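S.K.: sharing a model that was predicted from the sequence below.
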There are 2 protein chains.
Amino acid sequence: MMSWRPLAALREGFAHHDVVAALQCAGNRRAGLMQVRDIPGEAPWGPGAVGNARWTGIRLADVLAAAGVAVGAEHVAFLAPDVSAQACPPQPFGASIPLDKAMRTEVLLAWAMNGQPLPRVHGAPVRVVVPGYIGARSVKWIQQITVQATPSDNYYQATGYRLLPADADPAADAGDGISLGQLAVNADILAPDEHGGVRAGPVTVSGYALAGDDRRVVRVDISADGGRSWQQARLAEELSPWSWRRWEGTLDLTPGPAEVTARAWDSAASVQPESAVQLWNPKGYANNAWARLSFTVT
Amino acid sequence: MMSWRPLAALREGFAHHDVVAALQCAGNRRAGLMQVRDIPGEAPWGPGAVGNARWTGIRLADVLAAAGVAVGAEHVAFLAPDVSAQACPPQPFGASIPLDKAMRTEVLLAWAMNGQPLPRVHGAPVRVVVPGYIGARSVKWIQQITVQATPSDNYYQATGYRLLPADADPAADAGDGISLGQLAVNADILAPDEHGGVRAGPVTVSGYALAGDDRRVVRVDISADGGRSWQQARLAEELSPWSWRRWEGTLDLTPGPAEVTARAWDSAASVQPESAVQLWNPKGYANNAWARLSFTVT
């Protein structure tokens, strides 16, 4: 366990690094699962539970190397001061990541975001940034870092943020299922605005894609007919291996019902699965089904 | 470029290590794509273009460290002596992997397999073993290792083993598409034998699952009704992070048509996509669609 060091000591003691990285909540795109079946008590996130920013700070690996890592260490646990009543029992927010990930150069203790001091809501004075993992592992307002043999036993690591099978009872079976960490390939559509009225002709379709963990976004396909035929979208510049990738394409839409669909591929040739029906889970996590917009073209 | 060192010098000069790892051909399960549309000139692999073994040898990372890696190095290229007429122009088989992967402890130069001297057909005297990557990167009969700034320009790296979009012409568009390296989550069913006659009642369904790259297999679902309902299979012991994972479950089958289906999840909560129709590609690579067996129960 590292005792608390004032921010100034961290800033002066270690080399500064920038990483452009997307942070995505495990519940991003939950609304797509809720269309399949209701998920009581959880936020109906659309495509917006993700953000992309330039983070500035020091490498967690440098801090761990300075502190010294004992033999048998396998996980790095983070603790924040914000006590949540959702946790059972109520406790501060915590998380952990494997030591192997913690030692990678992309994992930061960050105090700046897009060249500005980190806003308090984003974790000032210092937060963890764990690119490629669910946002819950990028602990804000970090107060304590512990290197240990086992994953954190904090509620949010040991019990919460787990992918339960569809037939599980989220109360009785909490702590079962897949502990979420690394993210899977994902994408969503940001334009056109299907509620704004879309007119026939060439229509620009755009959005974002994330590869997750240490993979890269290598291709995004878009379709005007719900995936019966595809064309490739143009990928915008890759700002960093940890950034989301913006994409854009033009679909020729004819009057009548349209089903605009997008799917991303990562560098392991893993593509998003087709249907949210097959991904539904009781807490509404990890929806990486094809992005779909259904609307009527005028 | 490292000059050739006799095997004895490698065996004496570096620590020996064992890794249990699956090697899977990029074309494993191609037959499932061929059921969608023909793929002329390629082998119709079923579930069998994969194997799991205990490999013994030295770490590539140790050899690279001893040789010294220059600044700017990004890739490690392998060259074999076997000249293939399939390559254009005809040339020895080669491949490369990112330096970051090459430096990981699981990548070996191996001379033994399951405790026995490596058979010639498997790459004796020495082969590369790159767990989690397509088999083509685990070059057999290795003769030359080059650390370089760019991926290998060998035909099998620069042109072959690429995932082309469905509408590409494999001759004209060779070299386009996604260069295959890391594997995606995959699974197949090995029993029951659907041609052997399956009788109604409890039926044992078993198979293998692979996570690919540095992920782990965390769940396998099986279904008797083509994926309308699922139950979890029992996972056998994980022999190593790089091993395949055997699984088994019991389905209650009733007389009539059955559609036995399996799908695996990796530690990033990435699940196999539903349909090979959506994965078809002109060279028939990277089929990781749900495993399906259709037969009549008597």
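M.R.: Perfect, I can see it now.
S.K.: up against chain B, what does chain A have?
M.R.: Of all the residues in chain A, those in contact range of chain B (C-beta under 8 Å from any C-beta of the partner chain) are A:163, A:165-166, A:177-178, A:180-185, A:212-215, A:218-219, A:221, A:227, A:230, A:232, A:265-275, A:278-279, A:285-286, A:288. Quick note: C-beta positions are derived from backbone N, CA and C, even for glycine.
S.K.: among the residues you listed, which lie within strands?
M.R.: A:163, A:178, A:218-219, A:221, A:232, A:265-266 (DSSP state E).
S.K.: which of those residues count as buried?
M.R.: Among these, those that count as buried by neighbour count (16 or more other C-beta atoms under 10 Å in any protein chain shown) are A:163, A:178, A:218-219, A:221, A:265-266.
S.K.: with pLDDT and distance to residue B:199 as new columns, can these be given to me in JSON lines?
M.R.: Written out in JSON lines, the entries for those read as follows (pLDDT from 0 to 100; distance: C-beta to C-beta, whole Å):
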{"residue": "A:163", "pLDDT": "96", "distance to residue B:199": "35"}
{"residue": "A:178", "pLDDT": "94", "distance to residue B:199": "35"}
{"residue": "A:218", "pLDDT": "97", "distance to residue B:199": "46"}
{"residue": "A:219", "pLDDT": "98", "distance to residue B:199": "45"}
{"residue": "A:221", "pLDDT": "98", "distance to residue B:199": "43"}
{"residue": "A:265", "pLDDT": "98", "distance to residue B:199": "42"}
{"residue": "A:266", "pLDDT": "98", "distance to residue B:199": "42"}
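S.K.: tabulate those residues (TSV), appending distance to residue A:80.
M.R.: What follows is those, written out as TSV (distance: C-beta to C-beta, whole Å):
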residue	distance to residue A:80
A:163	23
A:178	24
A:218	35
A:219	37
A:221	39
A:265	35
A:266	31
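S.K.: next SSE after the worst-scoring helix or strand of chain A on mean pLDDT?
M.R.: For chain A, counting by mean pLDDT, DSSP states H and E, helix A:7-13 ranks last in confidence among helices and strands (a mean of 90). Remark: after helix A:7-13, the chain's next helix or strand is strand A:16-24, criterion DSSP states H and E.
S.K.: average pLDDT across stretch A:65-72?
M.R.: Mean pLDDT, stretch A:65-72: 94.
S.K.: run the chain-centre distance for that stretch.
M.R.: Its chain's C-alpha centre and that of stretch A:65-72 lie 28 Å apart, by C-alpha atoms, centre = their mean, to the nearest Å.
S.K.: circling back: residues in contact with the least confident helix or strand of chain A?
M.R.: Applying C-beta atoms under 8 Å, 6 or more residues apart in numbering or on different chains, the contact partners of helix A:7-13 are A:5, A:58, A:63, A:66, A:109, A:111, A:125-126.
S.K.: switch the cut-off to 10 Å
M.R.: Residues from elsewhere that reach helix A:7-13 (C-beta atoms under 10 Å, 6 or more residues apart in numbering or on different chains): A:5-6, A:57-58, A:62-63, A:66, A:109, A:111, A:124-126.
S.K.: got the CA coordinates for that helix in CSV?
M.R.: Extracted in CSV, the C-alpha atoms of helix A:7-13 (Å, rounded to 0.1, in the frame of the first residue of the first chain):
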residue,chain,number,x,y,z
LEU,A,7,0.1,15.9,-6.1
ALA,A,8,3.2,18.1,-6.3
ALA,A,9,5.4,15.2,-5.4
LEU,A,10,3.9,13.0,-8.1
ARG,A,11,4.2,15.8,-10.7
GLU,A,12,7.8,16.5,-9.8
GLY,A,13,8.9,12.9,-9.2
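S.K.: flag every buried residue along it.
M.R.: Judged by neighbour count using 16+ other C-beta under 10 Å, the buried positions of helix A:7-13 are residue A:10.
S.K.: now swap in stretch A:239-247 and tell me
M.R.: For stretch A:239-247, a neighbour-count test (16+ other C-beta under 10 Å) marks A:241-247 as buried.
S.K.: wait, isn't residue A:279 in contact with residue A:165?
M.R.: No: shown here, residue A:279 and residue A:165 do not form a contact pair, counting by C-beta atoms under 10 Å, at 11.4 Å.
S.K.: so these two - more neighbours on which side?
M.R.: Between residue A:279 and residue A:165, counting by other C-beta atoms under 10 Å in any protein chain shown, residue A:279 is the more crowded of the two (23 against 17).
S.K.: now that one. Its backbone dihedrals?
M.R.: With angles defined as degrees, to the nearest 10, residue A:279 sits at phi -110, psi -10.
S.K.: ok so, going back, for residue B:196, state which of the ones in strands among the residues of chain A next to chain B is nearest.
M.R.: Within these, proximity to residue B:196 (C-beta to C-beta) peaks at residue A:178, which comes in at 34.2 Å.
S.K.: residues in contact with the closest one?
M.R.: Contact analysis of residue A:178 by C-beta under 10 Å, 6+ apart lists A:161-165, A:281, A:285-286, B:216, B:218-219, B:265-269.
S.K.: who's it bridged to?
M.R.: Partner residues in beta bridges with residue A:178, using DSSP bridges, are residue A:163.
S.K.: residue ranges of the helices in the stretch 101-250 of chain A, please?
M.R.: A:155-158 (DSSP state H, counting those that start in this stretch).
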